[in-house]
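S.K.: Have a look at this fold, sequence not included:
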C-alpha cells in the first residue's frame, strides 16, 4: 500500500517539479545548493503527503510546503559558489532570442532579487507566479493590506539596488 | 515597464527550461535523510532530556550524595520527585508543541510553533539549572555545618585565629564554582541557539514587522 502511495506521489511530483525548481532558483545561488534544497523540499513533501487529501490542487499544496521548507526548515550550507555562473547557465539557452541589452538587464534583476531577504523573496516568488494578494497574505500569515504595502516597498528596494 | 513585470515575463518564458529529474531520481531522494531545522531541534531536545535524566540518575546513586542525604533527612525524596515532575511536565509540553509543527501551515504559524517548541526545552534547561544551582548551594552549606572533617578544620582555624579567612575562601570557592558551572551551560546554549535558530528568528522578526 505504501508503495502505491509512493508511486502516485513520485508521479505527481515529477509532473510538477518545475514549481520546486523555481523556488530553488530564488532561494539558492549555486547548482549544488539548488539540488540540496530540491531534495529537502521533496523529503518534506513526501512526509506531508499522507495528509494531502486531494481536495486542494497538488500544486497549491506543494507551494506551501515548498516555501515553508525554503524559508524555515532548510539549513543553508555555508559554502556557496557565486550566483552568476549558475544563472547565466540558465540564461544561455535563450541567447538567440534576446537582445543583449535586455538579457543583461534581466540578469541584473535576478541578482537584485537574490539580495532580498527570505521573506521578501517569498513575496516576489508569489508575485511572479501570479498569485493574488489574498493568497500571498494567507500563505505567509499576514494581512492582505500589509502584503500590498510590503510588495510596494520591495519594488522600491529593487529600484534602489538597481540604481544606487 | 516595471522591473518586476519584466522579470515576470522572463520567469514565465524560462519556466520549462529547468533540467528535468526522472522518476527514479525522485524515488532516490525520498529515502535520503532530511537535514531540516526541525529534525535537528528534535534530536538535540531529546539529547538534552536524556542528558539531564542521566545526570539525575547519576546524582541519586553517588557515594557523595548518599552522605548528603544523611544530612538532608528525607528531604532528598521530595527533591527527586520534584525533579522528575518538572522533567515530565516539560517533556509533555515539548511533545505537544512538536506535534503542532506542520509544513502545510502558514509560514508565520510554522515559525512560531518551531520557536515555541525550542523555547519549551530551553525553559526546562533554565529551570533545571536554577534547581541545580540552589541544590548545589544547599549542599555546600550543609557540608560546611555537618561534615566532621570540615568542623575539625574550622576548629583548628579558630584556634589560630584564621576562621574568617577560611570561611571566606570556602564561600568564594563555592560562588566561583557555581558561577563557572552556570556560565559554561549558558555559553553552550547561546551557541546551539545561535547556530540553529539565527536565520529562523531573523525571518520570523521580518514577518512580524510587516504586520506592525
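M.R.: The structure has been received and is ready for your questions. Since this is a predicted model, take the numbers as computed values, not measurements.
S.K.: Tell me where the model's unsure across chain A.
M.R.: A:1-2, A:77-99 (pLDDT under 70).
S.K.: Swap in 50 and give it another go.
M.R.: Chain A contains residues with pLDDT under 50 at A:1, A:80-85, A:93, A:95.
S.K.: Next, give phi and psi for whichever residue of it sits closest to chain B.
M.R.: Ranked by CB to the nearest CB, the top residue of chain A for proximity to chain B is residue A:141, at 3.0 Å. Where C-beta positions appear, they are placed from N, C-alpha and C, glycine not excepted. Torsion angles at residue A:141 (phi, psi; degrees, to the nearest 10) stand at phi 90, psi 30.
S.K.: my guess is it meets residue B:109, correct?
M.R.: Yes: counting by CB atoms under 8 Å, residue A:141 touches residue B:109, with 5.6 Å between them.
S.K.: Tell me the first helix or strand C-terminal of the helix or strand of chain B with the lowest mean pLDDT.
M.R.: Within chain B, no helix or strand scores below helix B:63-72, which has a mean of 64 by mean pLDDT, DSSP states H and E. Note on helix B:63-72: by DSSP states H and E, the next helix or strand toward the C-terminus is helix B:75-100.
S.K.: what sits against the spatially most central residue of chain A?
M.R.: With distances taken as CA atoms, centre = their mean, residue A:23 lies nearest the centre of chain A, 1.8 Å away. For residue A:23, the contacting residues are A:37, A:41, A:66-67, A:70, A:125, by CB atoms under 8 Å, 6 or more residues apart in numbering or on different chains.
S.K.: is it possible to export those residues to TSV including secondary structure, distance to residue B:170 and neighbour count?
M.R.: Putting those into TSV (DSSP: H, G, I helix; E, B strand; the rest coil; distance: CB to CB, whole Å; neighbours: other CB atoms under 10 Å in any protein chain shown) gives the following:
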residue	secondary structure	distance to residue B:170	neighbour count
A:37	helix	57	24
A:41	helix	59	29
A:66	helix	61	26
A:67	helix	59	24
A:70	helix	57	24
A:125	helix	64	22
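S.K.: among these, which are within reach of chain B?
M.R.: Near chain B, judged by CB under 8 Å from any CB of the partner chain, the entries from the contacts of residue A:23 are residue A:67.
S.K.: Next up, phi/psi of residue B:21, please.
M.R.: phi -80, psi 140.
S.K.: That one touches residue A:15, doesn't it?
M.R.: No: here residue B:21 lies out of contact with residue A:15, judged by CB under 8 Å, at a distance of 11.2 Å.
S.K.: one step back: the residue of chain A closest to chain B: how many residues sit nearby?
M.R.: Applying other CB atoms under 10 Å in any protein chain shown, we find 18 residues neighbouring residue A:141.
S.K.: Please name the nearest non-neighbouring residue to it.
M.R.: Using CB to CB, 6 or more residues apart in numbering or on different chains and skipping residues adjacent in sequence, the residue nearest residue A:141 is residue B:108, 3.0 Å away.
S.K.: Lovely, talk soon.
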